[in-house]
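Trainee: This is a predicted model, with the sequence first.
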Amino acid sequence: MAPMGIRLSPLGVAVFALLALGVLYHFYSGVLAGRIAIFRKLPGGDRVDLRELLALSVEAAVRGGEQVKRVAEEGELHGKSKGKTKEGAEEMLTNGDLRSHQKMYHLIKNTFPSIQVYSEEHETSNVPETASWDHVIPKEILDKTTTTEEVSSDSITVWIDPLDATQEYTENLLHYVTTMVCVAVNGKPVIGVVHKPFADFTAWAVVRGGSNVSMRKSYNEKNPRIIMSRSHLGTGRAFAQKAFGNNTDIKEAGGAGYKVLSLLNIPDDKQPDHADVYLHVTNIKKWDICAGNALLEALGGQMTTLQGKTIDYTDSALNEGGIFATIGVSHKELLEKLPDLKSIKTK
């Protein structure tokens, strides 16, 4: 007996063709939709546009700064000590730190939930923060950036300092105060935002992508002016003098963000102090330095440990080995002048 064949009626052929077209339609529309989703950078997606993340970082720093300023104006700082650092310095905590943290942290997490965010402070309220962002990139950022890079969200770590220079904040030395956001990709700082809430000024930059600030026209490499921490001036002064001479011009200041800005071309009414080198001789937290590191890298400067090692921002909040930051001078040559920190004796 001859094998039986399968015969389709004209109606069956038509139905089969329609089904095939439907499968192809859904396949290609799914691919297209996926491409559109990536292009639109939906929150929590796998790919993030760095320019969009820069705009969000600026927005977060400014909103945090509004809280810092409001608490100061209301006189409700309620400052208290969180304890002492390894070096014996008091670590202060105020309502300004906490309220700024809530605004900054939740704005970033609500916009991109899959991104890892590290903050100096921690949650203190059971009331969820509903802060949101409209994904609109300001014209200044569009005009001054060239980057079109997209990165994987799991390669990103964001470091925020809700209130840098808390000690000075409690002493009403408000020109030192900043709020900062840094975006690192695979441990390397690529976006830096330093906002001065009491000067209404924000510095930002993207490594290889643009900035709204610049380096100064000249720096003194032969006799550099050194800026360093008010709280570690004894050890730092002896270290700087051994490296650059007893007549070295040394400026003490509060806040890591403030010190980095002192190296850049910032108007005097926004940044009173100017320096050639930023030096820090003790351990320091990464949320204090990441934004400044990114700013300097974007403008051709460098920030390393005192031993010249690059700083990794993948995880681990503590940076050991101090800080040496420069721009417009030979970082390597100045590093070679630094003595062994262990050889420094202070009273």
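Mentor: Okay, I see it. Numbers count the residues shown, from 1 in each chain.
Trainee: ranges for the strands of the stretch 51-200 of the chain?
Mentor: 80-84, 90-93, 116-119, 150-152, 156-164, 178-185, 188-196 (DSSP state E, counting those that start in this stretch).
Trainee: Oops, could you answer that again for the stretch 201-347 of the chain instead?
Mentor: Using DSSP E, counting those that start in this stretch, strands in the stretch 201-347 of the chain cover 201-206, 210-211, 226-229, 250-253, 277-280, 284-285, 302-304, 318-319, 323-326.
Trainee: Looking at those strands, which is nearest to residue 147?
Mentor: strand 201-206 (5.3 Å; CB to CB). Every residue, glycine included, has its C-beta placed from N, CA and C.
Trainee: Note down every partner strand of the closest one and its orientation.
Mentor: If you go by DSSP bridges, strand 201-206 pairs up with strand 188-196 (antiparallel), strand 210-211 (antiparallel).
Trainee: mind giving me TSV with those strands and columns for distance to residue 227 and mean neighbour count?
Mentor: What follows is these, written out as TSV (distance: least, CB to CB, whole Å; neighbours: other CB atoms under 10 Å):
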stretch	distance to residue 227	mean neighbour count
strand 188-196	14	27
strand 210-211	20	18
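Trainee: Pull the number of nearby residues for the nearest residue to residue 316 once chain neighbours are set aside.
Mentor: In this structure, residue 316 finds its nearest non-sequential neighbour in residue 286, 7.6 Å apart by CB to CB, 6 or more residues apart in numbering. For residue 286, the tally of surrounding residues (other CB atoms under 10 Å) stands at 24.
Trainee: please renumber so the chain begins at 613
Mentor: Yes, from this point I'll number from 613; that puts the last item at residue 898.
Trainee: Quick one: residues contacting residue 898.
Mentor: 730, 771, 923, 925, 928-931 (CB atoms under 8 Å, 6 or more residues apart in numbering).
Trainee: Per-residue pLDDT of it, please?
Mentor: For residue 898, the pLDDT comes out at 97.
Trainee: Kindly report the same for residue 761.
Mentor: 90.
Trainee: swap in residue 753?
Mentor: pLDDT at residue 753 comes out at 97.
Trainee: ok, now residue 851?
Mentor: 93.
Trainee: Hmm, it is touching residue 891, no?
Mentor: Yes. Counting by CB atoms under 8 Å, residue 891 is a contact partner of residue 851 at 7.2 Å.
Trainee: Double-check residue 946 against residue 890; I have them as touching.
Mentor: No. The pair residue 946 / residue 890 is not scored as a contact, 11.4 Å apart, by CB under 8 Å.
Trainee: Residues in contact with both of the two, list them for me.
Mentor: Counting by CB under 8 Å, 6+ apart, the residues touching both residue 946 and residue 890 are 936, 938.
Trainee: From residue 804, how far out is the residue nearest to the spatial centre of the chain?
Mentor: Nearest to the mean C-alpha position of the chain, counting by CA atoms, centre = their mean, stands residue 794 at 1.1 Å. The span separating residue 794 from residue 804 equals 5 Å under the rule CB to CB, to the nearest Å.
Trainee: burial of residue 748, as a residue count?
Mentor: 9.
Trainee: per-residue confidence for the nearest residue to it once chain neighbours are set aside?
Mentor: Among residues not flanking residue 748 along the chain, residue 667 sits closest, at 7.5 Å (CB to CB, 6+ apart). Per-residue confidence (pLDDT) for residue 667: 98.
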